[in-house]
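Student: Make a model of this:
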Amino acid sequence: MLGSAADAEDVLQETWLRWVKVDLARVRDKRSYLLRITTRQSLNRLRTMRQRKETYVGSWLPEPLLTTPDVAEDVELAESVSMAMMLVLEQLSPIERAVFVLREVFEVGYDEIAEAVGKKPVAVRQIAHRARR
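Tutor: Sure thing, here's the model as predicted:
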């Protein structure tokens, strides 16, 4: 969703810092609460990145991410799919990107996504439809 492992790690660290300060007895659904914190942190990061990117002169490319030492056979396919996905996601607004990733990648329900992004479920369904298109 963010386009870089470093940004994702930063969001996860920020989420963890918020999570450890929460009184867990007051949280009804821990998964939804974490989803909401992480999504909002990601959206904030995307907005900040978009502002920074508007002033950047060069082209933007996702960072390569190799997770296993012996991936020589699949590198070309993985890179092309990764690049295609990043180009598609870059065309979406931060809210569309969040809805798309939560729905299509993590299979989160529309009601839960709506809570996380601060929209109504009907609006989230429409946003997901537009993002898929």
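Student: Report the helix or strand with the lowest average pLDDT across the chain.
Tutor: Ranked by mean pLDDT, DSSP states H and E, the weakest helix or strand in the chain is helix 75-90, scoring a mean of 75.
Student: Please spell out which residues along it are buried.
Tutor: Across helix 75-90, burial judged by 16 or more other C-beta atoms under 10 Å covers residue 89. (Each C-beta comes from the backbone N, C-alpha and C, glycine too.)
Student: just how off-centre is that helix within its chain?
Tutor: With C-alpha atoms, centre = their mean, to the nearest Å as the basis, helix 75-90 stands 15 Å off its chain's centre.
Student: Extract the C-alpha set from that helix and format it as CSV.
Tutor: Provided in CSV are the C-alpha atoms of helix 75-90 (Å, rounded to 0.1, in the frame of the first residue of the first chain):
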residue,chain,number,x,y,z
VAL,A,75,12.8,-12.5,-9.9
GLU,A,76,11.8,-11.2,-13.4
LEU,A,77,8.1,-12.2,-13.0
ALA,A,78,7.9,-10.9,-9.5
GLU,A,79,9.5,-7.6,-10.5
SER,A,80,7.1,-7.1,-13.4
VAL,A,81,4.1,-8.0,-11.3
SER,A,82,5.3,-5.8,-8.5
MET,A,83,6.0,-2.9,-10.8
ALA,A,84,2.6,-3.3,-12.5
MET,A,85,0.8,-3.3,-9.1
MET,A,86,2.7,-0.3,-7.9
LEU,A,87,1.8,1.6,-11.1
VAL,A,88,-1.8,0.7,-10.6
LEU,A,89,-1.9,1.7,-6.9
GLU,A,90,-0.1,5.0,-7.7
